[in-house]
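# starting from these lines, generate the structure:
(one chain, ligands or ions: 1)
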Amino acid sequence: MSQSKEELIEKLACEILRHKALYYEGFPEISDFEYDALEEKLKALDPGHKVLNLVGFETKNISKNKRQHKTPMLSLAKTYDVKELLSWQKEKEIVATHKIDGNSLSLIYKKGELVLAKTRGNGEEGEDVTGKILWVKECPKKLQEKSLDTLSILDLADDDEIEVRGELYCLEEEFPRLAEKMIALGLPEASSPRNIVAGILSRKNHIHLARYFNFFAFEVIFKGSSQFFKTEMAKISWLRDAGFSYPPYKLLLKENDIKEYLFALKEEIDSHSYGIDGAVFNFNDLTSHETLGETAHHPRYKISFKWQGETGKTKIQKIIWSTSRFGTVTPVAQVEPTYLSDATITNVTLHNLAHVKLFKLKAHDEIEIIRSGEVIPKFLRVIKQLPGEPLIPKECPSCGSKLKEESIRLLCENNLCGARVIFKILNWIKQAQIDDLSEKRLIGLIEARKVSHIEDLYKLTKEDFLELPMTKEKLATKLMHNIEGSKKISLVNFLCALGIEGAGKTTWLHLTKVFSTLEDLLKATPEDLISLDGFAEKTAEQITKGLKENKNLMEKLFALGIEVEKREVTDGQVPLEGLVFVLTGALLRPREEIIEDLQTLGAKVSSSVTKKTTALVSDDFSKKSSKTTKAESLGVPTWSGDELNNFIEKKLKEKK
Ligand SMILES: [Zn+2]
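You can find the predicted model right below:
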C-alpha cells in the first residue's frame, strides 16, 4: 500500500524535527548532508511547510532562561553548487572566509562591557549563557578602547547595545583532551568538536569547561551600524580592533578567483586547527545589504558554500601508520570496500593519534565514514566495537626510531628517517618536473647510496643510472637530460619543491605576487604575511621559519646550477609599471584593497624600503618605525593614503 502525499509530508516533518533536536543537543545521528537532503525532499512536496522555516530548535531539557534577540539571528542560505554561488554573486566584490563548524553566539556589550551572552536558540530568542562565556578568553569582557573611539562620532547612549555575533568552537587539538575530561567527570561522551560545544552550552554544571573554547566574531550590530560601515572589510577591521579574532579572509571578484579560493580551501581544510565545513561569502559593499534585505530565515547578502558529502558504513580491517615528509605518523584504516560518491573506498583517514585513542579505534570496528570535498574519505564515528585499547606504535614504521607524542600527533623526529627523506625528494622531483624519475628508481638510487638529499640529484652521473636494474643507455641519457632541464625553475615551482610546511601552490602564487623575488620573500617577517592577507599567525610563522630552514639547501642548489626565474608581475603596459610601494602601520583603507589596486595598475608592493622605493605609505606616521627611519635616510617620500590616491588619479589621467 502506498503512502499518501500527506502521510509522507508528515513523516518527513517528524523526521526533520527529531534530527534537529538531536543536532542541537549535540548528538546528531545523521550527517549535515543527509539532513539537508531531508529538507530538500520536504521542500519539493510542500515548499511552505512550517518546519522548513524554523531556525534552530528549542530543546526541552535546558532551563527556561530565554533572552530575546532584538535583531533575529537568521541562518545562512547555503549551496553545494558553484554555479549557484556564481549566479548569486553576479560579479560583485565579495569577502570570502572559512565557515566554522561551531555554535552561533550573540554577545551584548553596553558601555563597552560584556553584559549578556546568548545562543541562537530558535533565532528569535536564545539561552542566556553569560556565565559560561565569561570563561572564554576570546570573547572579550571589554571592547578595546580603539574600537569605541571610532564609534564616538555616533553619540551612542550608555544604554545602547553593541552586539557582536560569531561562532564558538573547540580546537581540534583541545577536543580529545576535553572529551577525556568529560568522560572522567562522568559526562556523556561527545563525538565531535562541534557537539562538545553544544553539549557544554546546554549544561547547568561544569560550566568552567567552556574555557577550552575559542571564538570567531563575524558580525557587529549597533544603532546606525548599517550606515556606519561602508564595506565588509571595514567591519572586519573594526572587529579586530575591538579585540576579536576573525578567520583568514580574502577579497574576490572574478569567477576564477572564487573557484581558485574554493580549490585552495579544499586542499588546506585539514591543516587548520579548527573545523571548517565550507566557506562563507559576503558582499563587500554593505550599502547593498540594505537594498537586498533578507527573507524570513536568511539574509540575501551572505551565502555559505559546502561540499557535498556522502556518508557510508564499513568495517576496519587493519590500521596502518605511516610517516609523512614532515615526520608526522598518521593512521589510515584499510576498510571493507564500500561504494561512496562514485568511488570504491578501501582506505579511510583516521585523522591523527588523538582520534585513534579517543575512539579506541581497532581492527573489526564498524565505523561511519564521510567523503566530501576531500579525495580521501574520513572517519566520522564508531557504530559498533568490542572493548579494548587501540594499538599505538612506539617506533617509526619507517626508520624504527622511538616516536614522540606531541599534542595530538605522533612524531618521528629523525631527520634522516627514510620515509621523510623519500617523500621530501619525491616532492622535489614532482614539483621540479623531472620526468621518468619514478619512486622505484629513486629508492634504487637511495639504496645504492647515490642519493640521500635533494641536492644529490644534481650530482648524479649517467653511470649511476646505468647501475639501476633495467636501465639502458637510452633511458639513462634521458634521465640525465630531464635533470638538467629541471635546473631552470620558476619561483613558484621552486618554493613548492622545497616542500615547506604550511604552504601549497596557491599560497606561493599569492605570496609571489607581492614578494616577486626569493630575496624579498626571505626578508619577509611573520608580521608582513599577517598584515598582507589575513594569514593566520601560525601559518605565517611556519612559512617564514620554513624558508629560513631551507636557506642552506637553497645555497647548495644554486651552487649546483639551479636557476630560479623571477615571477612576472605585470602584463602589458600599465600606468604604475616600474613603481614600488611599501605600506606600513595603520591605514584607513583595508591594506588588501590598496595592494590589489596597486598591483592591478602594475606597481609592486614590497615589504622593505630600498633606494628603489617610490614611496612609503601610511596613515599614521606618529610612531617611528625602522621603515620610516630608513625612508628618511634614503630620501624616500612618505605619503598618506590620500596622497597615494591623488597620485594614482593623476597617473590615470596622464594615461588618457
Ligand atoms: Zn622515522
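# tell me where the stretch 1-150 of the chain has helices.
In order along the chain, the stretch 1-150 of the chain carries the following helices (DSSP state H, counting those that start in this stretch): 5-25, 32-45, 82-89, 130-133, 145-151.
# with respect to burial, which of those scores highest?
For those, the largest average neighbour count (mean count of other Cβ atoms under 10 Å) is found in helix 130-133, namely a mean of 20. The way it works is simple: take the backbone N, C-alpha and C, and place the C-beta from them, glycine included.
# helices and strands around that helix, which ones?
strand 113-119 (3 or more Cβ pairs under 8 Å, 6 or more residues apart in numbering; DSSP states H and E).
# who touches the strand it packs on?
Counting by Cβ atoms under 8 Å, 6 or more residues apart in numbering, the neighbours of strand 113-119 from elsewhere in the structure are 67, 69, 103-109, 125-130, 132-134, 139-143, 201.
# stretch 380-393 now?
For stretch 380-393, the external contacting residues (Cβ under 8 Å, 6+ apart) are 31, 191-192, 311, 313, 319, 321, 329, 353, 356-357, 359-362, 364-370, 403, 410.
# give me the element the residue of the stretch 551-656 of the chain found nearest the ion is part of.
For the stretch 551-656 of the chain and the ion, the shortest gap (Cβ to the ion) falls at residue 553, measuring 19.7 Å. Residue 553 is part of helix 551-559 when elements are defined by DSSP states H and E.
# could you say what helices and strands the next helix or strand after that helix packs with?
Towards the C-terminus, the helix or strand next in line after helix 551-559, according to DSSP H and E, is strand 563-565. Using 3+ Cβ pairs under 8 Å, 6+ apart as the contact test, the elements touching strand 563-565 are strand 488-490, helix 491-498.
# could you list the domains of the chain?
In terms of domains, the chain is parsed into 5-53, 66-77+97-300, 310-411, 418-486, 491-565, 580-655 (source: automatic domain parsing).
# filter the contacts of strand 113-119 by proximity to the ion?
Filtering the contacts of strand 113-119 for proximity to the ion by Cβ under 5 Å from the ion leaves nothing.
# how about the residues of this structure near the ion?
Of all the residues in the chain, those lying near the ion are 323, 396, 398-399, 412, 414, 417, going by Cβ under 5 Å from the ion.
# can you rerun that using 6 Å?
If contacts are counted using Cβ under 6 Å from the ion, the residues of the chain sitting beside the ion are 323, 396, 398-399, 401, 412, 414, 417, 419.
# isn't residue 15 up against residue 38?
Yes. Taking Cβ atoms under 8 Å as the definition, residue 15 is a contact partner of residue 38 at 6.0 Å.
# so what's the residue in the stretch 201-350 of the chain that the ion sits nearest to closest to, chain neighbours aside?
Scanning the stretch 201-350 of the chain for proximity to the ion using Cβ to the ion identifies residue 323 as nearest, at 5.0 Å. Distance criterion Cβ to Cβ, 6 or more residues apart in numbering; nearest residue to residue 323, sequence neighbours excluded, is residue 419 at 3.8 Å.
# let me know the distance separating residue 257 from residue 247.
With the distance defined as Cβ to Cβ, to the nearest Å, residue 257 ends up 18 Å from residue 247.
# coming back round to it: for the residue of the stretch 201-350 of the chain closest to the ion, list each beta-bridge partner.
The partner list for residue 323 in beta bridges (DSSP bridges) reads residue 329.
# I figured it hits residue 412, correct?
Yes. Taking contact to mean Cβ under 8 Å, the distance of 5.1 Å between residue 323 and residue 412 places them in contact.
# quick one: common contacting residues for these two?
Between them, residue 323 and residue 412 have 329, 396, 398-399, 419-420 as joint contacts when contacts are counted by Cβ under 8 Å, 6+ apart.
# just the buried residues of these.
Buried positions within these, assessed by neighbour count (16 or more other Cβ atoms under 10 Å), are 329, 396, 398, 419-420.
# may I ask which two of those residues are separated the most?
For those, with distances taken as Cβ to Cβ, the pair at the greatest spread is 329 and 420 (10.4 Å).
# what sits in contact with each of these two?
Common contacts of residue 329 and residue 420, defined by Cβ under 8 Å, 6+ apart, comprise 323, 412.
# does residue 581 count as helix, strand or coil?
The local conformation at residue 581, judged by DSSP: H, G, I helix; E, B strand; the rest coil, is strand.
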